[in-house]
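> The sequence and its predicted three-dimensional model are supplied below.
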Amino acid sequence: MESWSNGDLNLINKNLYKNLKKNNLNVDLFLFHQGESNSRLLKNLSKQPKNNYSKAYLKNLLILIDQTREYFPESYFGLSLVSRCADTGNKYIINSQKEVINLRRKVFISANSDSLFSNEYRYDGCHFTQGGVKALGKMYENSFKKNIFEY
């Protein structure tokens, strides 16, 4: 998450935003699917967070959303619940992702990829099979209908 909010990936994002604006292209919706690596890092720490969420993950996610809104202030931001990769997931990361919808407008949960965890959906316990991609895509479709298109 840190790389998206302050690191190399953030520089790529800002470049992309600037080029979109320069070419008069408006973005109405951003989708963000990240959390597995932060989940693993958090599990390896000897001290677990005192809160029910990760302050660092939440802070960096808010930074990313706020930076996006500098360029596209009226855009929607769809967050996936993401923390699972060959394990049971991480409640601190999931709770951070859920908390963001209370802190920023036009942010919604777009999918729960952690709910897709059998061999049918993930061939190695982490990466999605074709069936997993289809199931995740259906979650995105349903969330767009509910949160953006309102039908």
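Arrived safely, thanks for sending.

> next helix or strand past the least confident helix or strand in the chain by mean pLDDT?
When the helices and strands of the chain are scored by mean pLDDT, DSSP states H and E, helix 36-44 comes last with a mean of 70. Reading on from helix 36-44 to the C-terminus, the next helix or strand found by DSSP states H and E is helix 55-71.

> which strands and helices sit next to the helix or strand just after that following helix?
Past helix 55-71, further along toward the C-terminus, the next helix or strand under DSSP H and E is strand 76-81. Under the contact criterion of 3 or more CB pairs under 8 Å, 6 or more residues apart in numbering; DSSP states H and E, the helices and strands touching strand 76-81 comprise strand 29-32, helix 55-71, helix 91-103, strand 107-112, helix 130-147. (Each C-beta comes from the backbone N, C-alpha and C, glycine too.)

> Tell me which of the ones you listed lies nearest to N15.
Nearest to N15 among those is helix 55-71 (11.0 Å), distances taken as CB to CB.

> Run the chain-centre distance for the closest one.
Taking the mean C-alpha point of helix 55-71 and that of its whole chain, the gap between them comes to 11 Å (CA atoms, centre = their mean, to the nearest Å).

> Return the alpha-carbon coordinates of that helix using CSV.
Only the C-alpha atoms of helix 55-71 are listed here, as CSV (Å, rounded to 0.1, in the frame of the first residue of the first chain):
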residue,chain,number,x,y,z
LYS,A,55,-3.6,2.6,11.0
ALA,A,56,-0.8,2.5,8.5
TYR,A,57,-2.8,0.8,5.8
LEU,A,58,-5.8,3.0,6.4
LYS,A,59,-3.7,6.2,6.3
ASN,A,60,-2.0,5.2,3.0
LEU,A,61,-5.3,4.2,1.4
LEU,A,62,-6.8,7.6,2.3
ILE,A,63,-3.7,9.3,0.8
LEU,A,64,-4.2,7.3,-2.4
ILE,A,65,-7.9,8.3,-2.6
ASP,A,66,-7.2,11.9,-1.8
GLN,A,67,-4.5,12.1,-4.5
THR,A,68,-6.8,10.6,-7.0
ARG,A,69,-9.5,13.2,-6.1
GLU,A,70,-7.0,16.0,-6.7
TYR,A,71,-7.3,15.2,-10.4
